[in-house]
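Novice: how would this look folded up:
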Amino acid sequence: MATTASPNTVPGVSILRPLKGLDTNLYENLESTFQQEYPNFEIIFSVADENDQALDVVRELMRVYPMVDAKISIGEEVVGVNPKVNNLMRPYRNAANDILWVIDSGVMASPGTLARSVDALGRPSNYMLGSGKRIGVVHHVPFAHVSGAGYVGSQIEEAFLNTNHAKMYIALNATAVESCVVGKSNIYRRSDLERVNGSMKPHADLGAQPDTPLTTRKGLAAFGKYLAEDNCIAAAMWHELDLRHDLSCDVAHNAVGHMTLADYVWRRVRWIRVRKHMVLAATLLEPFTESVVAVHFGAFMWVDLDVYASLAGYPLPAASRWRFIGGWITRELLALPIFMLAIFGNEIVWRGTTYEVLQNGEAKAVGGRSTSRWWNLRADDYEPISADPS
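Specialist: Reported below is the predicted structural model:
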C-alpha cells in the first residue's frame, strides 16, 4: 500500500540506528531498514568511533541499496552517562524529518512496519482510559530468535522475552494505566521530545518554578542522565504532555546471540536494579506475578505458549518445543533468586562500564572493583545499549 503512494503525500521519517560493534545478525537487521515499504524516509547510522566494525556492514548495504537515502554519522556528543543518547545526539539534531524511528542494531523489522507505525502515530488513542488523546509514541513488542545453536542463557532469554515479558508488556499497554515502553523500536516526533524535560510533571505545574537544570534542559539531551532513557522519554510524553502510546501490531524481531547462564542472570539483575529506582512499587510486586509464587506451572505455561503463538503467528514448532519449554522452566525457577540478588544492590556493569544507579533513577559511572566484578563483566552480551529495563 505505502509503496504506491507519492513521497509528497506521506510524512517524512528519519530512521536513527545507533551502532556499536558487530551485533548478532547485524547485516540482516540493518538491511530490513533499507527494505521498508514506505516512500519517504532517510536512514542515519551513528557510531561513536570512526573505526567501529559496524561501519563496514553499513557501507556494504549502502552500496547494495544506492536508491535509499542513507547517511553515516561519526562521533558522539556527551550529554550524560548514557552512551546511546550520546551516540544519538548528532543524528537527532541533523535529522531532516520531525518523525523519528529509533531502532536498535539488534532489531529486524518487517517491510510494512514503518508504514503501519506512521499510520498509528497519526491516529488518536482508542484506549479504555484516555480515549481520544493524541499518540506520542508508537512502539513494538520484542520477539526473540536464537541465532544458531546458542547457549543455555540464549534459550532462557528467548523464552523470557517471548512469554513472560511479552505477556506483561502487552497487558500493561492494553490497560494503559501507566507508561510502559522499551527502547528496541520506538517512533515519536522530535517536536514532542523537544517539549519535555524529564520532570514527569505536567507543564502547567512547572510554570511557577524557577529555572533549574531540570526544567531548562529539554529534548533528547535531558535524558542522557538515565540508563533507561527509552522508558523515561515515553513516560515524560505521557505525564508532561498528556500523550498516549500505541503498541503496534508489528513485533521487533530480536536476534539473541550467544549468552551464557551468567550473562542472562546479570542482564536481569541489571535491569531490575535500574527499574526499582524508577517504579519501585511495580518492581516490588513483580515476584507475585511469577508461577512459582502462584504454584501453578501448568496454567502459566499454557498462557505463555499462547502468547508465543500470538506473537509468532504460529504455535511453537515441534522441532524446538522441548528446548523452548526447558528454557521456560529454567526461567521460572530462576526468577525469584535473581530478584533477591538484584533488589539489594545498586551497581551494574553495562558494556564494560560500571554504573551506580541513584535513588532518582539517574546513574553515574563509577570506578574500582566490586566483589561481583568477575561475574558482572560477563554481562556484556549481544544486547544493544538500549535494552528493556524489564
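
Novice: C-alpha from now on. contacts and neighbour counts both.
Specialist: OK.

Novice: top helix in this structure by residue count?
Specialist: As assigned by DSSP state H, the longest helix anywhere in the chain is helix 321-343.

Novice: for that one, buried residues please.
Specialist: By neighbour count on 16 or more other C-alpha atoms under 10 Å, the buried set for helix 321-343 is 324-325, 327-332, 335-336, 338-339, 342-343.

Novice: tell me where the stretch 101-250 of the chain has helices.
Specialist: Assigned by DSSP state H, counting those that start in this stretch, the stretch 101-250 of the chain shows helices spanning 113-121, 152-160, 166-175, 190-193, 213-216, 229-241.

Novice: can I get the first one in PDB? Just the C-alpha atoms.
Specialist: Extracted in PDB, the C-alpha atoms of helix 113-121 (Å, rounded to 0.1, in the frame of the first residue of the first chain):
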ATOM      1  CA  THR A 113       6.400  -1.900   9.900                       C
ATOM      2  CA  LEU A 114       7.200   1.800   9.200                       C
ATOM      3  CA  ALA A 115       4.000   2.400   7.200                       C
ATOM      4  CA  ARG A 116       1.800   0.900   9.800                       C
ATOM      5  CA  SER A 117       3.600   2.700  12.600                       C
ATOM      6  CA  VAL A 118       3.300   6.100  11.000                       C
ATOM      7  CA  ASP A 119      -0.400   5.500  10.400                       C
ATOM      8  CA  ALA A 120      -0.800   4.600  14.100                       C
ATOM      9  CA  LEU A 121       1.100   7.800  15.200                       C
END
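
Novice: circling back: deepest-packed of the helices of the stretch 101-250 of the chain, please.
Specialist: Mean neighbours per residue, mean count of other C-alpha atoms under 10 Å, is largest over the helices of the stretch 101-250 of the chain for helix 152-160, with a mean of 25.

Novice: and the contacts of that helix?
Specialist: For helix 152-160, the surrounding residues in contact (C-alpha atoms under 8 Å, 6 or more residues apart in numbering) are 144-146, 256-264, 323-325, 327-328, 330-331.

Novice: so which elements touch the longest helix of the chain?
Specialist: Here helix 321-343 touches helix 152-160, helix 261-276, helix 291-294, going by 3 or more C-alpha pairs under 8 Å, 6 or more residues apart in numbering; DSSP states H and E.

Novice: so what secondary structure elements neighbour the very next helix or strand once past the shortest one?
Specialist: Moving toward the C-terminus from helix 291-294, the next helix or strand (DSSP states H and E) is helix 297-312. Contact partners of helix 297-312 among helices and strands, from 3+ C-alpha pairs under 8 Å, 6+ apart: helix 166-175.

Novice: hang on, isn't residue 16 packed against residue 47?
Specialist: No - judged on C-alpha atoms under 8 Å, residue 16 makes no contact with residue 47 at a distance of 11.0 Å.

Novice: shared neighbours of those two, which are they?
Specialist: Applying C-alpha under 8 Å, 6+ apart, one finds that no residue jointly contacts residue 16 and residue 47.

Novice: for the stretch 1-150 of the chain, which spans come out with low pLDDT?
Specialist: Low-confidence segments of the stretch 1-150 of the chain, defined by pLDDT under 70: 1-6, 125-131, 148-150.

Novice: which residue ranges form the strands in it?
Specialist: 13-18, 41-47, 69-74, 99-103, 107-108, 135-146 (DSSP state E, counting those that start in this stretch).

Novice: mind listing what's buried in the longest one?
Specialist: Spelled out, it's strand 135-146. 135, 136, 137, 138, 139, 140, 141, 142, 143, 144, 145, 146.

Novice: and for stretch 273-282?
Specialist: Using 16+ other C-alpha under 10 Å as the test for burial, stretch 273-282 gives 273, 274, 275, 276, 277, 278.

Novice: reformat these as JSON lines; add distance to residue 228 and pLDDT.
Specialist: Formatted as JSON lines, the buried residues of stretch 273-282 follow (distance: C-alpha to C-alpha, whole Å; pLDDT from 0 to 100):
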{"residue": "273", "distance to residue 228": "11", "pLDDT": "92"}
{"residue": "274", "distance to residue 228": "7", "pLDDT": "90"}
{"residue": "275", "distance to residue 228": "8", "pLDDT": "88"}
{"residue": "276", "distance to residue 228": "12", "pLDDT": "88"}
{"residue": "277", "distance to residue 228": "11", "pLDDT": "85"}
{"residue": "278", "distance to residue 228": "9", "pLDDT": "83"}
